[in-house]
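Participant: Pasting the sequence and the predicted coordinates here, then a few questions.
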Amino acid sequence: MKICITLATYNGEKYLAQMLDSLVAQTKPADVIIAVDDGSKDSTCEILERYKDKLPLEITKFEKNRGHRASFSTALEKARELLANDDLIFLADQDDIWAPNKIEVMSQKIGDNSMIFGDAEIIDGDGVVTESSWRKKAEIVEQLSQQALLTGYTNVTGCMVAFKAGLLKTALPIPQDVPVHDQWITLCATAENGYRAIADKVIQYRIHESNAIGEGNKTWSEKLQTNLQWAKAVRGSDIFEKLPDESRQFLNKFIQFLELRFNHAFLSPLWFPWIVRNARNIYPQVTSATQMIGRILFSFVGVSTAKKFFNKK
């Protein structure tokens, strides 16, 4: 089993050396590290070059900034050319710190699954641990149904996953309208041999002012729009035909549900049976019965009405 790490970099000089040091310290070393730099203006590329004597780095440099998505897509395309189906791919962010046994633990525990994901400590810009568990802090559901993933909700963070290279046959190319690459890879895993969560904290996940999580800055209506974009991208992709009939029917109905919320003040009561039946898939993060009842009732409120009377943005 070969181990491949894909690393996207951009103006990462502040933390990159710490990240690379954590790769040097792995108890099970990587066979190849595919680094794609997205037109950095600082010393990021020089730092990568310095580590070529310590790590099996293959470096690609974009002359102009093309975006995070393009960097990872390029890295994954290169990985597909090098790897067999059962080889493992790890996604890396430039500012995290890997646990020394990350590769060893995840390669041992993936089993027959297409993908596996772990937990993380959260650190700040100074490397101080601020939370002991990303999973608990973000209230992440460990296992989601395929239909819940079709709504745009995700429980997986790319820097905490490992997946088998054979999954790239389904995952590539990543559709243009898919907002987040790791979200797409997770859905693809459900169409293959599935994925599982493990409790091991495999990285120190750095959250600082320069890498604030984009979804947290979106308004309620923007999140709904992103979910609609995601759902339509999935329906227009090759993976749609690989989904079971039940999931395809759910996705079509979910798209209709969101479009009606954007175009009407209220939904018809005729939607009640479908919303109740699928509430756990539409709102997988809701745990209490009281909250779920509230979400179900609010599902009938259109976007324009929510903005006007419910102080939604």
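Facilitator: Right, received. Where do you want to start? All figures in this text were calculated on a predicted structure; none of them were measured in a lab.
Participant: Please enumerate the strands of the stretch 51-200 of the chain.
Facilitator: 57-61, 88-93, 97-98, 115-123, 129-131, 161-164, 195-206 (DSSP state E, counting those that start in this stretch).
Participant: Quick one: the ones you listed as JSON lines, columns for distance to Glu77 too.
Facilitator: Bear in mind the C-beta positions are built from the backbone N, C-alpha and C, glycine included. Listed next are those as JSON lines, based on distance: least, Cβ to Cβ, whole Å:
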{"stretch": "strand 57-61", "distance to Glu77": "10"}
{"stretch": "strand 88-93", "distance to Glu77": "12"}
{"stretch": "strand 97-98", "distance to Glu77": "23"}
{"stretch": "strand 115-123", "distance to Glu77": "18"}
{"stretch": "strand 129-131", "distance to Glu77": "35"}
{"stretch": "strand 161-164", "distance to Glu77": "15"}
{"stretch": "strand 195-206", "distance to Glu77": "22"}
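Participant: would you turn the ones you listed into CSV with mean pLDDT and mean neighbour count?
Facilitator: Below are these laid out as CSV (pLDDT from 0 to 100; neighbours: other Cβ atoms under 10 Å):
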stretch, mean pLDDT, mean neighbour count
strand 57-61, 98, 16
strand 88-93, 98, 23
strand 97-98, 98, 22
strand 115-123, 98, 23
strand 129-131, 96, 13
strand 161-164, 98, 24
strand 195-206, 97, 20
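Participant: and Glu142, which of those strands is closest to it?
Facilitator: strand 195-206 (4.1 Å; Cβ to Cβ).
Participant: For the next helix or strand after that closest one, give the mean pLDDT please.
Facilitator: Next along the chain after strand 195-206, taking DSSP states H and E as the criterion, comes helix 220-235. Average pLDDT, helix 220-235: 96.
Participant: quick one: helix 220-235 to chain centroid distance?
Facilitator: For helix 220-235, the separation from the chain centroid amounts to 15 Å (computed by Cα atoms, centre = their mean, to the nearest Å).
Participant: Ok, stretch 171-178 next?
Facilitator: Taking mean C-alpha positions (Cα atoms, centre = their mean), stretch 171-178 and its chain are 13 Å apart.
Participant: residues in contact with that stretch?
Facilitator: Under the contact criterion Cβ atoms under 8 Å, 6 or more residues apart in numbering, stretch 171-178 has outside partners 69, 73, 76-77, 80, 181, 184-185, 188, 229-230, 232-234, 236-237.
Participant: What segments of the stretch 51-200 of the chain are helices?
Facilitator: 68-82, 102-109, 134-137, 146-150, 168-171, 181-190 (DSSP state H, counting those that start in this stretch).
Participant: how about these, which one is nearest Asn252?
Facilitator: helix 146-150 (10.1 Å).
Participant: CA atoms of that closest one as PDB?
Facilitator: This file holds the C-alpha atoms of helix 146-150, laid out as PDB (Å, rounded to 0.1, in the frame of the first residue of the first chain):
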ATOM      1  CA  GLN A 146     -26.400   9.400   2.000                       C
ATOM      2  CA  GLN A 147     -29.600  11.400   1.700                       C
ATOM      3  CA  ALA A 148     -28.400  13.800   4.500                       C
ATOM      4  CA  LEU A 149     -25.200  14.400   2.500                       C
ATOM      5  CA  LEU A 150     -27.300  15.100  -0.600                       C
END
